[in-house]
Structures are given as structure tokens and as C-alpha cells.
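# what follows is a predicted protein model with its sequence.
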Amino acid sequence: MALDYLDSVKKQFEYYKWLGEQTIHQLPEDALFGQINADSNSVAIIVKHLSGNMLSRWTDFLTSDGEKEWRDREEEFENNIRTKAELLEIWNKGWACLQKALEELGTEDLGKEIYIRNQGHTVVQAINRQLAHYPYHIGQIVFIGKMVLGDKWKSLSIPRGSSQVYNTDKFAQPKHTEHFTDDQLKQKQ
């Protein structure tokens, strides 16, 4: 079960990474930096915050507090990224750190205690904490994408009006255990 958990977690993070990337790729560059008001976050700000959190939480995951002394969380909310290329570099740096940390984990690590802001968590609790946090922000990115693009938005799930066709196709297939695999990610692109 522990191995299934780690496999499932990796696939869930990969899925949410894919959702964010597909949204970023659909948006015109200038839309990545727009804010509805001074208290709202642009896609770029959300990306900076996610990456900053990932670098802090997943660097030396098992051996140091997840809130690193070098993290400047307040700076993450400054809208100072200038290009889509810079945004994607920041995005990829955070995800690479997370993925490396997950690849290094073994089932024997899941019950270990780690700290985030000096508060103890089992490894499972710490992973679940981030598995709730990152999709929250990815959802914000997707929402911004849908609002900006309107009818030009390319759905990342079952488009409206297509549920019946989708379900008919799924139920026409034999029952199977479906996992979100690398092949499925590639097919969606």
C-alpha cells in the first residue's frame, strides 16, 4: 500500500503540473502578468509562489525544516517576472525539486517526522499538505485562463456538452484500473 501511495502521489502532482502548464501555454504572454486588482494574484505571481514553496519544502526534505531561512515568501507576491520564458524557468525549477525529492523517497520514509515552520508532520502528512496546497493554486491559474480566453479556452477535462459521449465511450470499454500515466499525459498534449 505504501508503494501505491507514493506512485499515486507522483501521478497526482504530475497531473496538476500538466494542468498548469497547459493553461500557461494557452495564454498570451501579457495575460500571464495581469492582475484584476492590487490584492489579486497574476498567473506569474502564483507560479513564483508555487515554485518558492516547492524549493523551500522539498529541498533537503527529510533533513531540514520545510520553511528555509533563505526563502523570501513576501517577494513571491511581487509581480516582477517579465517573460513567459522566465516564468516557465521558475515553474520548472520548483517542479524539478519536488519530483527529485519524491523520487528519493522510499516506503520506509513515510512514517518519519519532518518539520514545516517547526511543526512536526509525518512524511505522509507533509506530502498531503502540499497535495492540497498546489492544486488550490493550479485551480486559480486554470480559472484565470478560462476567464481571459473565454470561448477560445481549450478544455483540459471533459468539455461542456460532451459528458454523455465521454461516458458512453468509457462504459463501452472493459473494467480496468486506470492510472494517470506518462502516456496519458502525452496523449492529452
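Nice, I can see it. Numbering: from 1, shown residues only.
# can you list the buried residues in the host helix or strand of L88?
Per DSSP states H and E, L88 falls inside helix 84-104. Judged by neighbour count using 16 or more other C-beta atoms under 10 Å, the buried positions of helix 84-104 are K84, L87, L88, I90, W91, G94, W95, C97, L98, Q99, A101, L102. C-beta here means a position set from N, CA and C on the backbone, and glycine is covered the same way.
# distance of the closest residue to the first one other than its chain neighbours from A2?
Counting by C-beta to C-beta, 6 or more residues apart in numbering, E29 is the residue found nearest to K84 once chain neighbours are left out, at 4.7 Å. Noted for E29: a distance of 43 Å to A2, by C-beta to C-beta, to the nearest Å.
# how about K100?
Distance of K100 to A2, computed by C-beta to C-beta: 20 Å.
# which parts of this structure are strands?
Under the criterion DSSP state E, strands of the chain are mapped to 113-116, 119-122.
# export the ones you listed to TSV and tack on mean pLDDT?
Shown next, in TSV, are those (pLDDT from 0 to 100):
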stretch	mean pLDDT
strand 113-116	98
strand 119-122	97
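# and the helix ranked longest in the chain, what's buried?
Ranked by number of residues, the top helix in the chain under DSSP state H is helix 123-149. With burial defined by 16+ other C-beta under 10 Å, the residues of helix 123-149 counted as buried are 123-124, 126-127, 130, 134-135, 137-138, 140-142, 144-145, 148.
# next, the angle from it to helix 84-104.
160 degrees (axes from the mean of the first three to the mean of the last three C-alpha atoms, to 10 degrees).
# check which helices and strands the helix holding L88 sits against.
When contacts are defined as 3 or more C-beta pairs under 8 Å, 6 or more residues apart in numbering; DSSP states H and E, helix 84-104 packs onto helix 2-26, helix 43-58.
# distance from that helix to the middle of the chain?
10 Å (C-alpha atoms, centre = their mean, to the nearest Å).
# go on, stretch 74-84?
Using C-alpha atoms, centre = their mean, the offset of stretch 74-84 from its chain centre is 18 Å.
# now do the contacts for V124.
Taking C-beta atoms under 8 Å, 6 or more residues apart in numbering as the criterion, V124 is in contact with Y5, L110, G111.
# which one (most neighbours) among the residues you listed?
In terms of neighbour count, L110 stands highest of those at 17 neighbours, by other C-beta atoms under 10 Å.
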